[in-house]
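Engineer: Build me a model:
(chains A and B)
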Amino acid sequence: MRVNNVVGIIYSNSYDFALSELTSLRTMGSVPFGGRYRLIDFALSEMVNSGITKVGVITKSNYRSLMDHLGTGKPWDLARRMNGMFILPPFSNADSHRAYNNRIEALTGTLDFIRNSKEDYVVMCDCNVVCNIDFAKLFNAHLQTGADITIAYHHGKTPGVEPLTFEFDENGRINRAPYTVDNAEDSDYPLNIYVLRRSLLERLINEANSLNYTSFLCDVIGRNIERLKIYGYEATGFVRVVDSLQSYFDISLELLDKDNRKALFHPDRPVFTKVRDNEPAFYALGSSAVNSLVADGCKIYGTVENCILFMDVVIAKNAVVKNSIIMQDSYIGEGARAENVIFDKGVTLKPGKVLCGASDYPVCVGKNITV
Amino acid sequence: MANKTECVAMLLAGGQGSRLGILTKNIAKPAVPYGGKYRIIDFPLSNCVNSGIYTVGVLTQYQPLELNDYIGNGEPWDLDRTQGGVHILSPYQQIKGSEWYKGTANAIYQNINFIDRYDPEYVLVLSGDHIYKMDYSKMISFHKEKQADCTIAMLEVPWEEASRFGLMLVNEDGSISEFEEKPKEPRSNKASMGVYVFTWEKLRRYLIEDENKKDSSNDFGKDVIPAMHSDGQRMFAYQFDGYWKDVGTIGSLWDANLDLLNPKIGLDLSDDSWRIYSRNPSLPPHYVAPAATVQSSMITEGCEIEGHVDFSVLFANVTIEKDALVQYSIIMPGAVIKKGAVVQYSIIAENTVVEENAVVGQCPEDTKPGDWGVAVVGESVRIGKGVHIKANTMTDKDVEPSTAG
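Structural biologist: Numbering: from 1, shown residues only, chains lettered A, B, ... in the order given. Below you'll find the model as predicted:
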């Protein structure tokens, strides 16, 4: 079933603080990932692949790079006459000259968008979850259980930010409000992906405002366990939550595993992104590249091992890069050496320089810095 | 009527390209894949846009489905415009009957109405089978400066190859004194690149005159340009320096691809100021496995490399399995080279599968002198396990192990 009766809402700034090294100049949604993508590409592609044609992207701060990436929404077929993509910057009125501070305030700022949509249902999600879920299946599960709200969850090691879990009855209905667990443990943790009726969302936002709630999960969900039918939907496959620089690093390198790539880049549910028309990658005579993902526009003259190279990265002669994530337009000079590093866009490692982190403590170098 | 446009480009893309054999069985020559993620037509189209020409007519006739689909609304080249943009022009039915494009000049003649809508000063006529990067706006400035009626882009070719081209004898002021079509003993090495600028008013008149001549073959090179020349119209040659390659044969298509691996060749696809645009599939970056080796090759999105790749160009979504060896070859989108297979000096077309331990193509050293040539395997063909395909062959049907010679 195609879900064209659903409007999508994506929070682009959620959990920015968890990845402050990479989000100081951008939103969580525009954090580069997987050699050519931005984190928001996953949520957007999941939505359009399931037939959603109207998506609102809520922004808060530093969203210039996000706007640049999204453009008119064309790569996701969201540059449309009917519906399409809507960027929802912070809404401030006469008595609140500031951007929102929590999800309830953010939703309040977008009430207009929600109210003016014609679709009966809303699906909401964040950008810090790397997955490729079939939203049509999630939506169908929502209809079948007759739930008021369906929350997608994943079973695995609980993420570090908001390590919460909940409990279900035998039908999947949530019967205990979210509670904190030790994040080293495996649990059923929520992915902040919700499906509910648009009218219900509107009512819940108004109610949350009058009761001064701040958290959608803990307050709106947590306090309505009895009153509303809230169901869980298990998302399987490659599902990862980016909750720290370390997890960003680990999840990125997990893409070097073929099965993970197959699950995330499913041919029936392609992940769309902005096109950058660069030429294919070039491997010179005498170069060496193993176990790496290499994007177009790269030029490899040196040695690359266990790396993710974004577009237009140059690895000069005799340079050695291992276990690293090198973002677009970065340059590794002749004879330089980097290990366990994350280079943001446009980093230059000068010839002969050596920079090493540890696999459990990668070194991150900020945008356009020359080492 | 559309607003006045200074220059309209007409791109001749109807040719079959019969010398490319099975590669153009189902697609027109301009749609043939080139350089890992492009098709030949991306070059003239990108040149137009980069030169500031935003009104382009693409004349199609032979197997247009794939080409039409590829060009679509022109969005990859920024040619999806309110004013101008890209237009696919196919032969159509008229009150006096319907006819195919009889020749290059007739193709433009049949679309006089299209050009008139834009009321241009100049018309740029291009062909869809050359690989080059060229600023047409400079050529148009030259045309204006010389107050020419027709300007032909020319390139100095090596003397020993000159007899393969249409040549021009050029005076000191750049005007053309004589034409020579593929002469045995060339008197000039200035070859025509198949890029013309015409003053529309003049061209329009000559196209109509040419159409009324019963014995005309309606071709630019054979009829229209000689007629203009003999009438004493102002004909000039515009010199182009840079990489230019006609990819009309299997050998030249293979050469032109491998040229990309040579940094000295003068065709830089990474130049930001003159991008070549193409319609891109949405695919993840390519992956090179721990046991893979890649030397002097170009590889693009979606590929999975577990074997060995030397001096080759790989298109999107190509799989090279473990212990497979690919050398001096062009592997087009979606092809799979299975375990232990060897592909040398070959062109493997889209979605073809080379099964385990099959061998396609031969090194020049391993063949008798004169027998060598690039081996070509057509689209969606299966080369069975252990099958050997010789050099200088074309294979467009599945080859099973038992039927192999």
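Engineer: and the residue of the stretch 301-405 of chain B found nearest chain A, how many neighbours?
Structural biologist: Closest contact between the stretch 301-405 of chain B and chain A, by CB to the nearest CB, is at B:E301 (5.9 Å). The way it works is simple: take the backbone N, C-alpha and C, and place the C-beta from them, glycine included. Here the number of neighbours of B:E301 (other CB atoms under 10 Å in any protein chain shown) works out to 23.
Engineer: and the gap between the residue of the stretch 101-250 of chain A found nearest chain B and A:F272?
Structural biologist: Using CB to the nearest CB, the single residue of the stretch 101-250 of chain A nearest to chain B is A:N132, 11.3 Å away. Applying CB to CB, to the nearest Å, the value for A:N132 to A:F272 is 12 Å.
Engineer: what sits in contact with each of the two?
Structural biologist: Listed as contacting both A:N132 and A:F272 by CB atoms under 8 Å, 6 or more residues apart in numbering or on different chains are A:S45.
Engineer: thinking again about what came up before, isn't the residue of the stretch 301-405 of chain B closest to chain A up against B:L314?
Structural biologist: No - between B:E301 and B:L314 there is no contact under CB atoms under 8 Å: 10.2 Å.
Engineer: Give the residue spans of chain A that score low on pLDDT.
Structural biologist: Along chain A, segments meeting pLDDT under 70 span A:1-3, A:92-100.
Engineer: Domain parsing of it, as residue ranges.
Structural biologist: A:3-264, A:282-365 (automatic domain parsing).
Engineer: which element follows the longest helix along chain B toward the C-terminus?
Structural biologist: Across chain B, the helix with the greatest residue count (assigned by DSSP state H) is helix B:200-212. Heading C-terminal from helix B:200-212, the first helix or strand you meet, by DSSP states H and E, is helix B:225-230.
Engineer: Which elements pack onto the helix or strand following that following helix?
Structural biologist: Downstream of helix B:225-230, the next assigned helix or strand under DSSP H and E is strand B:235-239. Packing contacts for strand B:235-239, counted by 3 or more CB pairs under 8 Å, 6 or more residues apart in numbering or on different chains; DSSP states H and E, involve helix B:136-145, strand B:150-156, strand B:176-181, strand B:190-199, helix B:225-230.
Engineer: Out of these, flag the one nearest B:D246.
Structural biologist: strand B:190-199 (8.0 Å; CB to CB).
Engineer: okay, the angle between that closest one and strand B:235-239?
Structural biologist: Interaxial angle, strand B:190-199 versus strand B:235-239 (axes from the mean of the first three to the mean of the last three CA atoms, to 10 degrees): 120 degrees.
Engineer: Just the C-alphas of strand B:190-199, formatted as PDB.
Structural biologist: Only the C-alpha atoms of strand B:190-199 are listed here, as PDB (Å, rounded to 0.1, in the frame of the first residue of the first chain):
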ATOM      1  CA  LYS B 190      43.200  20.800 -40.700                       C
ATOM      2  CA  ALA B 191      40.300  18.400 -40.100                       C
ATOM      3  CA  SER B 192      36.600  19.400 -39.600                       C
ATOM      4  CA  MET B 193      35.300  18.400 -36.200                       C
ATOM      5  CA  GLY B 194      31.700  18.400 -37.300                       C
ATOM      6  CA  VAL B 195      30.900  21.600 -35.400                       C
ATOM      7  CA  TYR B 196      29.300  24.400 -37.400                       C
ATOM      8  CA  VAL B 197      28.100  27.800 -36.700                       C
ATOM      9  CA  PHE B 198      25.700  29.300 -39.400                       C
ATOM     10  CA  THR B 199      24.100  32.600 -39.700                       C
END
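Engineer: thinking again about what came up before, residues that sit against both of B:E301 and B:L314, list them.
Structural biologist: Shared contacts of B:E301 and B:L314, counting by CB under 8 Å, 6+ apart, come down to B:H286.
Engineer: what pairs with the helix or strand of chain B at the bottom of the mean pLDDT ranking, and is each one parallel or antiparallel?
Structural biologist: Within chain B, no helix or strand scores below strand B:97-98, which has a mean of 78 by mean pLDDT, DSSP states H and E. Partners of strand B:97-98 in the sheet, by DSSP bridges, are strand B:93-94 (antiparallel).
Engineer: Mean confidence (pLDDT) on the strand it pairs with, please.
Structural biologist: What strand B:93-94 shows for mean pLDDT is 81.
Engineer: And for stretch B:171-180?
Structural biologist: The predicted model assigns stretch B:171-180 a mean pLDDT of 92.
Engineer: Alongside chain B, which residues does the stretch 1-150 of chain A contribute?
Structural biologist: Applying CB under 8 Å from any CB of the partner chain, we find that the stretch 1-150 of chain A lies next to chain B at A:G34, A:G35, A:R36, A:Y37, A:K74, A:P75.
Engineer: Could you rerun that using 7 Å?
Structural biologist: Within reach of chain B by CB under 7 Å from any CB of the partner chain, the stretch 1-150 of chain A has these residues: A:G34, A:G35, A:R36.
Engineer: Which of those fall in strands?
Structural biologist: Within the residues of the stretch 1-150 of chain A next to chain B, no residue falls in strands by DSSP state E.
Engineer: For B:D219, state which of those residues is nearest.
Structural biologist: The closest of the residues of the stretch 1-150 of chain A next to chain B, once distances to B:D219 are taken by CB to CB, is A:R36, at 45.3 Å.
Engineer: Grab the nearest non-local neighbour of the closest one.
Structural biologist: Nearest residue to A:R36, sequence neighbours excluded (CB to CB, 6 or more residues apart in numbering or on different chains): A:A295, at 4.8 Å.
Engineer: burial measure for that neighbour, as a count.
Structural biologist: A:A295 is flanked by 27 other residues according to other CB under 10 Å.
Engineer: B:Y38 too?
Structural biologist: 23.
Engineer: same question, B:M134
Structural biologist: For B:M134, using other CB under 10 Å, the count is 25.
Engineer: Excluding residues flanking it in the chain, which one is nearest the residue sitting nearest the centre point of chain A?
Structural biologist: The centroid of chain A falls nearest to A:C127 when counting by CA atoms, centre = their mean (2.8 Å). Nearest residue to A:C127 in three dimensions, chain neighbours excluded: A:G29, at 3.9 Å (CB to CB, 6+ apart).
Engineer: Wasn't A:A289 part of a strand?
Structural biologist: Yes - under DSSP: H, G, I helix; E, B strand; the rest coil, A:A289 sits within a strand.
Engineer: Just to check, it is in contact with A:V304?
Structural biologist: Yes - with contact defined as CB atoms under 7 Å, A:A289 reaches A:V304; the gap is 4.3 Å.
Engineer: Looking at the stretch 1-150 of chain B, what residue ends up closest to chain A?
Structural biologist: Distances between the stretch 1-150 of chain B and chain A by CB to the nearest CB are smallest at B:G36, namely 3.5 Å.
Engineer: Quickly find the element holding that residue.
Structural biologist: Using DSSP H and E, B:G36 falls outside every helix and strand.
Engineer: So which residues on the stretch 1-150 of chain B come close to chain A?
Structural biologist: Residues of the stretch 1-150 of chain B lying near chain A (CB under 7 Å from any CB): B:G36, B:K37.
Engineer: Tell me where the stretch 1-150 of chain B is predicted with low confidence.
Structural biologist: In the stretch 1-150 of chain B, residues with pLDDT under 70: B:1-4.
Engineer: how does it look with 90?
Structural biologist: Along the stretch 1-150 of chain B, the parts satisfying pLDDT under 90 run over B:1-5, B:14-19, B:25-26, B:61-66, B:82-83, B:90-103, B:128-129.
Engineer: so where do the helices sit in the stretch 201-350 of chain B?
Structural biologist: Under the criterion DSSP state H, counting those that start in this stretch, helices of the stretch 201-350 of chain B are mapped to B:225-230, B:250-259.
Engineer: Of all those helices, which one is nearest chain A?
Structural biologist: Comparing those by CB to the nearest CB, helix B:250-259 comes nearest, at 10.9 Å.
Engineer: nearest residue to residue 79 other than its sequence neighbours?
Structural biologist: You didn't pick a chain, so chain A it is. A:T72 (4.1 Å).
Engineer: Let me rephrase: I mean chain B.
Structural biologist: B:L79 sits nearest to B:V86 (CB to CB, 6+ apart), 3.9 Å away.
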